[in-house]
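Engineer: return a 3D structure for these sequence lines:
(chains A and B)
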Amino acid sequence: MALLELKNLHVTLEDGTEIVKGVDLAVRSGEVHAVMGPNGSGKSTLAYALMGHPAYVITEGEILLDGENVTELGADKRAQRGLFLAFQYPHAIPGVTVTSFLRSAMNAIRKARAGGEDDPINAGEFRKQVMGAMERLKVPREMASRYINDGFSGGEKKRIEILQMAVLKPRIAVLDETDSGLDIDALKIVAEGVRELVGPEMGALVITHYQRILNYIEPDFVHVFVDGRIVEEGGPELAHRLEAEGYEAFLPELVEGGGS
Amino acid sequence: MAVTTETEVVRDIRSDYKYGFSNSDAAENYFFKSGRGLSPELVAAISEHKNEPEWMRKFRLKSLDYFLARPLPTWGGNVAEIDFDNIYYYIRPTEKQAKSWEDLPADILDTWDKLGIPEAEKKYLAGVGAQYESEVVYHKLQEELVAQGVLFLDMDSGLREHEELVKQYFGTIIPQNDNKFAALNSAVWSGGSFIYVPPGVRIEMPLQAYFRINADNMGQFERTLIIVDEDAYVHYVEGCTAPIYSSDSLHSAVVEIIVKPRGRCRYTTIQNWSNNVYNLVTKRAVAYEDATMEWVDGNLGSKLTMKYPAIWLMGERAHGEVLSIAFAGEGQHQDAGGKCVHVAPRTSSVITSKSISKNGGRAGYRGLLEVAKGAEGSKSKVVCDALILDEESRSDTYPYIRVDESNVDIGHEATVSKIGEEQLFYLMSRGLSEAEASALIVSGFVEPITKELPLEYAVEMNRLILLQMEGSVG
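Structural biologist: This next block holds a predicted model:
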């Protein structure tokens, strides 16, 4: 049973601009939470801050993972404890193949969990896990030997993010705009991949602008996120309301909205 | 975590890294050890001790004159601190060469066991020439190669057993007065490899030699000569590692290679000298009609490395490639690169250089591309990429290009980059520590070259990079 808790979380940019202005949220394994908000509401900042990006400063509040305060921990320590972020814009690492990337990540996590002792995964077992996940997510075999995200299309990048999630088996996964840049077939595959993993071992926080992905991943909870705050919460019906009515009803009347 | 110095890093490498250790018990058991310093008497004594022909004795003494007459180079790195009078120029660890592992003295066998050579040999080596100090103590060539007429001996044996062949080529590619350090090597050389591959013979498995320095202030002056006859092929691999020393040490090798028409030679080196070694090496090859010569050169460690593997493209359509990696940490200067000289028409060359500097290290590319008048239709591409890991470190690029022919196609690209915060964050978000993430980015950066290495060397290279990166995190 995993539990991610955000308590009164405030996040600023390095120049002091406040983007996230007090967020409370709890995600348990087996649950899918959707954070929905318009462009510029601070959704991606929230995602980065959760993962521990050094450019985003947590000025107030805390992040707890299974009761442990991880607010001060680096991204590597958070990942080793089971947090995962599927990036909106994953970065290319030229010269590092998808396979080599996955093996490095898996072994880093295994090492941390073995108390700092090297505990590399057996080659056969690694191959089995990666090939199995690639098959389920319909990732073509030749992608395994390509340099990660180097020259990938938007859709390929997203699929490889989900492949990483499937292989690394996090406890809580944050998906930042994973639906953007995907055609409908790819979206279905990605959504299926997420659905398959959500269960007793994993919970998911799906950050999105559109309701589209939620047609394929039914959320248990929907949080409407506007100008750095959660302004409305509800069940899956809230997502359908947003789809029909848009965000206008939730926008502050005189505020343009800032950040990105 | 406390700041780790480079010295500690190297000690650390030695403690759990099987290629880095010293065998101090062995140091007193040398069969013959010259005094420190250099003189005509010493040079003559080396030649006499080896029972060399008169022409070689004269060659050595003449080379010594050239060495003494030449000034120290003032470009590249700082060589002014080398104390030539405080170096042993010749040490011979055993009385005669052993023919099998069992014949070796116990302490040397112990050293090799730690290196894992017999095992590696069993697995896939075609032959092993191993240099312990100045003399090759062990040599073996698979019987099938012998049957094909392939010669793979240490240079001293090559001179004894194939004097005419050696005399025909020795010092013809790199003349004894080519540069100060080539002159020094020509005077005091000992060991190294002699390889001859007869026409049409293709050796599919790499031939390997392991080199080590294992005593204080001991210069290592190996001399290698490789002749690849028409339509023949060989891949020679040399790994150099060394334990740490208390005072400065000098490594100055000469490697000469002749690739005859339609032949192909690849020469791969991975060096990891300890941080006080001056590594000043002259490597040059000539490639005749339709021949291919490839240098793959990885330089880690050492205090100063100056090394620019060269290829002279002498025959039509000859092709040359130089792949160079240089990694400079604290207190290190890697002045590496490559040279290609197009003499004949329609020749082609590619120089790819990747340099990495960190903790105040200085790594750079120095190269020469020359196209002579008449080498029409020639093509060349030079790509040098530098990765600088912190503000204290430095990268230099000196790409000399001289073209005396108008009908040619020359390209040059250079990039300098740093590790991006976003790349680091992406990798760390997958559980990698900052050092592991940096090391993975660096190994990706050098991947175009490591993928050309035999697998065990690629693995070793990546492991060395990781050890270097771990040392940089405070």
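
Engineer: grab the nearest non-local neighbour of the closest residue to chain B within chain A.
Structural biologist: As assessed by CB to the nearest CB, chain B sits closest to A:Gly95 within chain A, at 2.9 Å. Bear in mind the C-beta positions are built from the backbone N, C-alpha and C, glycine included. Nearest residue to A:Gly95, sequence neighbours excluded (CB to CB, 6 or more residues apart in numbering or on different chains): B:Gly444, at 2.9 Å.

Engineer: starting from the helix or strand where that neighbour lies, tell me the next helix or strand along the chain.
Structural biologist: When elements are defined using DSSP states H and E, B:Gly444 is found to belong to helix B:434-445. Later in the chain than helix B:434-445, the nearest helix or strand by DSSP H and E is helix B:447-450.

Engineer: quick check: angle from the next helix or strand after that following helix to helix B:434-445?
Structural biologist: Note on helix B:447-450: by DSSP H and E, the next helix or strand toward the C-terminus is helix B:455-470. Calculated by axes from the mean of the first three to the mean of the last three CA atoms, to 10 degrees, helix B:455-470 forms an angle of 140 degrees with helix B:434-445.

Engineer: name the helices or strands packed onto helix B:455-470?
Structural biologist: Secondary-structure packing of helix B:455-470 (3 or more CB pairs under 8 Å, 6 or more residues apart in numbering or on different chains; DSSP states H and E): helix B:6-16, strand B:233-241, strand B:264-273, strand B:292-301, strand B:319-328, helix B:434-445, helix B:447-450.

Engineer: one more pass at 6 Å, please.
Structural biologist: helix B:434-445 (3 or more CB pairs under 6 Å, 6 or more residues apart in numbering or on different chains; DSSP states H and E).

Engineer: name the surrounding residues that touch the helix it packs on.
Structural biologist: For helix B:434-445, the external contacting residues (CB atoms under 6 Å, 6 or more residues apart in numbering or on different chains) are A:93-96, A:104, A:108, B:356, B:387, B:419, B:423-424, B:427-428, B:462, B:465-466, B:469-470, B:473.

Engineer: go through stretch A:40-51 and flag the buried ones.
Structural biologist: Applying a neighbour-count criterion of 16 or more other CB atoms under 10 Å in any protein chain shown, one finds A:41-51 buried in stretch A:40-51.

Engineer: need the residues you listed in TSV with pLDDT and distance to chain B, can you?
Structural biologist: Putting the buried residues of stretch A:40-51 into TSV (pLDDT from 0 to 100; distance: CB to the nearest CB, whole Å) gives the following:
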residue	pLDDT	distance to chain B
A:Ser41	93	22
A:Gly42	95	18
A:Lys43	94	17
A:Ser44	94	13
A:Thr45	96	14
A:Leu46	97	15
A:Ala47	97	10
A:Tyr48	97	8
A:Ala49	97	12
A:Leu50	97	10
A:Met51	98	5
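
Engineer: in chain B, which residue sits nearest chain A?
Structural biologist: B:Gly444 (2.9 Å).

Engineer: could you check how far that residue is from B:Ile419?
Structural biologist: 11 Å (CB to CB, to the nearest Å).

Engineer: between those two, which one's more packed in?
Structural biologist: B:Gly444 (22 against 19; other CB atoms under 10 Å in any protein chain shown).

Engineer: so what pLDDT did that one get?
Structural biologist: Listed pLDDT for B:Gly444 reads 93.

Engineer: ok, which stretches of chain A are strands?
Structural biologist: Assigned by DSSP state E, the strands in chain A fall at A:3-13, A:18-28, A:32-36, A:56-65, A:68-69, A:83-86, A:172-176, A:203-208, A:221-226, A:229-234.
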